[in-house]
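Any chance you could fold what I've pasted below:
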Amino acid sequence: IGCHGEKGDGKGLYAEGLNPKPRDFTKGIYKWTSGPSGTLPTDHDLLTTISEGVHGTAMPPWYALKDSDKESVVQYVKSFSKRFQLEEPGAATFVYPPPPESGDLILKGKVLYEKIGCAGCHGVRGRGDGPSAQTLTDDWGDMIHPANFSKGVFKTGKEPWKIYRSIANGIGGTPMPSFSEQMDPDEIWELIFFIRSLKE
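Have a look, this model is predicted:
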């Protein structure tokens, strides 16, 4: 309640001082979903976010809660949006297994990073300081900052499959689009290898 508010609208007592802002559950729009950006998350998606938190933000991991309690929270969060009564979660995106990482694939990822315009938001060195970085807003009109890859911290965790999901699906409610139609699976992995290489 302190962050997401009693009504689940992201307007809790502490919300004003937080960046990024707490999620407004009433819209039924979630950043990380198994299916394409804009589709509803599965119960497992929500349970994972509650359990693991969102790295680099005020959303902590709730490891100490019993699984049954976390599952109850999932159902309560879903009650804030009618979308869950009207729609099904999106079909899960298949995460293709990664090829062996190599310097050659990292270089190919660098070419892709430049080609598809990642530097426009994330910056040439992945520091989140691209020319568009200060102009970005989320679906609620709040300022939003691109990820800073140089820190080596990814909001959903550093597991490569989670980074793959963010690139392939996009991130709901943010300017981060889906690239599943612009890149094939091997290219997505090449981009991931380059992004991970930007850690300073």
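
what about stretch 94-112, how long is it end to end?
When the termini of stretch 94-112 are compared using Cα to Cα, to the nearest Å, they are 21 Å apart.

buried residues in that stretch?
By 16 or more other Cβ atoms under 10 Å, the buried positions in stretch 94-112 come out as 95, 98, 101, 105-106, 108-110, 112. In this view, the C-beta of every residue, glycine as well, is placed from N, C-alpha and C.

ok, which pair from these is furthest apart?
95 and 110 (22.0 Å; Cβ to Cβ).

Look through this structure and report the residue furthest from the middle.
Most distant residue from the mean C-alpha position of the chain: residue 104, 27.2 Å away (Cα atoms, centre = their mean).

Would you mind pulling up the elements that the helix or strand hosting it packs against?
Per DSSP states H and E, residue 104 falls inside helix 103-115. If you count contacts as 3 or more Cβ pairs under 8 Å, 6 or more residues apart in numbering; DSSP states H and E, helix 103-115 packs onto helix 185-197.

buried residues in the helix it packs on?
Neighbour-count burial for helix 185-197 [16+ other Cβ under 10 Å]: 185, 187-197.

Stretch 132-146 now?
Buried, per 16+ other Cβ under 10 Å, within stretch 132-146: 133, 136, 138, 144, 146.

Quick check: the farthest pair among the residues you listed?
The largest separation in the buried residues of stretch 132-146, counting by Cβ to Cβ, is between 133 and 138 at 13.7 Å.

just the buried residues of stretch 132-146 now: which is nearest residue 84?
residue 138 (20.9 Å).

I figured the closest one was touching residue 172, is that so?
No - using Cβ atoms under 8 Å, residue 138 is not in contact with residue 172, being 9.6 Å away.

re earlier: report the mean per-residue pLDDT for the helix holding residue 104.
For helix 103-115, mean pLDDT is 98.

CA atoms of stretch 28-42 as PDB?
The C-alpha trace of stretch 28-42 is given here as PDB (Å, rounded to 0.1, in the frame of the first residue of the first chain):
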ATOM      1  CA  GLY A  28      -3.400  -4.000 -16.300                       C
ATOM      2  CA  ILE A  29      -0.100  -3.100 -18.100                       C
ATOM      3  CA  TYR A  30       3.000  -4.900 -16.900                       C
ATOM      4  CA  LYS A  31       6.600  -4.600 -17.900                       C
ATOM      5  CA  TRP A  32       7.700  -8.200 -18.000                       C
ATOM      6  CA  THR A  33       5.300 -10.800 -19.500                       C
ATOM      7  CA  SER A  34       5.900 -14.200 -20.900                       C
ATOM      8  CA  GLY A  35       4.000 -13.100 -24.000                       C
ATOM      9  CA  PRO A  36       4.500 -10.000 -26.300                       C
ATOM     10  CA  SER A  37       4.500  -6.500 -24.700                       C
ATOM     11  CA  GLY A  38       1.000  -5.400 -24.000                       C
ATOM     12  CA  THR A  39      -0.400  -8.800 -23.200                       C
ATOM     13  CA  LEU A  40      -1.300  -9.900 -19.700                       C
ATOM     14  CA  PRO A  41       1.200 -11.600 -17.500                       C
ATOM     15  CA  THR A  42       0.700 -15.100 -16.300                       C
END
